[in-house]
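Student: quick one: sequence plus predicted model below, questions after.
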Amino acid sequence: MTHLPSARSRRSATSPDLIIDGRLAFSEHGLMLSLALARVRRVWLVQGLWALLQRFEVIDYPEFADEGEATEAMLPSLRQWHAIWTGSTQLEQFCWVGDLLFESRLPPEFDQCAARRLQTFATLLEQFAASDGPISALTVCARDAAALAALNMVEAPVILTDIGADDTPRLVRFLDSASIDCRMVEGGSARRLSQAALGADPPPAVALALDCGVRVAALQVLAPRAVTAALEDDAEYEPDDAVYSDEHDPWSGASAIWCEVTP
């Protein structure tokens, strides 16, 4: 058996961490791409994805995806992720934040305070998003991906997500609904973002998938206020709309860029 190094020891000084959004994870090629990347990079699974694997047998499928999404097409991939989770140790290549700290697989610098902050960031972002009711499980994954990226702002992690049937990732739509400007970049900016996502030497399976026409989007969040909010050590701090202030809002002034990943 090949013993892979722990995800927690695979941090790169030149390549940022990767965050796998739920819509990429549960796409046709998502599991393969995620596993291939996790062999060479530090890759995070978002809390919403972890929650889906935990309650796989009792998922309310109508609430799994947004209206207009092909839920049935994603279910085989969800079953594959669950089979890997229950029947092997391959998911130990990833980092993730579980519902409880002992369920999590975290790097040394990510402590209990950081895990609590992550939930605060995610909750506040959801409050900003225009929604008439509960958001879908996949949009929870998008929310959690953005929150994790903001929490690790200094490292500028890259979120990988599905490009979307209409050429606009659902993650981009979600951020737009939360009044976070999310701009598609081209030219040199797109090349730099693609390289941050793939690295100088992409894993063969990832390069092959892209050459065969698999479409993946890369997104980075710029949230300067999140840097100090993530370092806040007041254990009692909770966002409160009644006393809202920009000073304690990690999303104040936040923006994002995205592009389609090209090899």
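Tutor: Now that the structure is in, tell me what you want to look at.
Student: where do the strands sit along the stretch 51-200 of the chain?
Tutor: 95-96, 158-162, 181-184 (DSSP state E, counting those that start in this stretch).
Student: any idea which of the ones you listed has the lowest pLDDT on average?
Tutor: Ranked by mean pLDDT, the strands of the stretch 51-200 of the chain bottom out at strand 95-96, with a mean of 89.
Student: quick one: mean pLDDT for stretch 77-89?
Tutor: On average, stretch 77-89 scores 87.
Student: equivalent analysis for stretch 128-142, please.
Tutor: Taken as a whole, stretch 128-142 has an average pLDDT of 84.
Student: and it, how far apart are its ends?
Tutor: 14 Å (CA to CA, to the nearest Å).
Student: show me how far that stretch is from its chain's centre.
Tutor: On the basis of CA atoms, centre = their mean, to the nearest Å, stretch 128-142 is displaced by 14 Å from the centre of the chain it belongs to.
Student: try stretch 72-90
Tutor: 18 Å.
Student: any weak-confidence spans in this structure?
Tutor: 1-13, 56-62, 99-102, 111-112, 229-247 (pLDDT under 70).
Student: count the residues that sit near the closest residue to W85 other than its chain neighbours.
Tutor: In this structure, W85 finds its nearest non-sequential neighbour in L53, 4.9 Å apart by CB to CB, 6 or more residues apart in numbering. Where you see a C-beta, it was placed from the backbone N, CA and C, and this is true even at glycine. Residues lying near L53 (other CB atoms under 10 Å) number 19.
Student: using a markdown table, lay out the strands of the stretch 51-200 of the chain together with mean neighbour count and distance to Q47.
Tutor: Converted to a markdown table, the strands of the stretch 51-200 of the chain look like this (neighbours: other CB atoms under 10 Å; distance: least, CB to CB, whole Å):
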| stretch | mean neighbour count | distance to Q47 |
| --- | --- | --- |
| strand 95-96 | 22 | 7 |
| strand 158-162 | 26 | 14 |
| strand 181-184 | 15 | 21 |
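Student: identify whichever of those lies nearest to E28.
Tutor: E28 lies closest, by CB to CB, to one member of the strands of the stretch 51-200 of the chain: strand 158-162, at 9.7 Å.
Student: which strands or helices does that closest one pack on?
Tutor: strand 18-20, helix 22-25, helix 30-38, helix 137-151, helix 170-177, helix 187-198, strand 216-222 (3 or more CB pairs under 8 Å, 6 or more residues apart in numbering; DSSP states H and E).
Student: thank you, goodbye.
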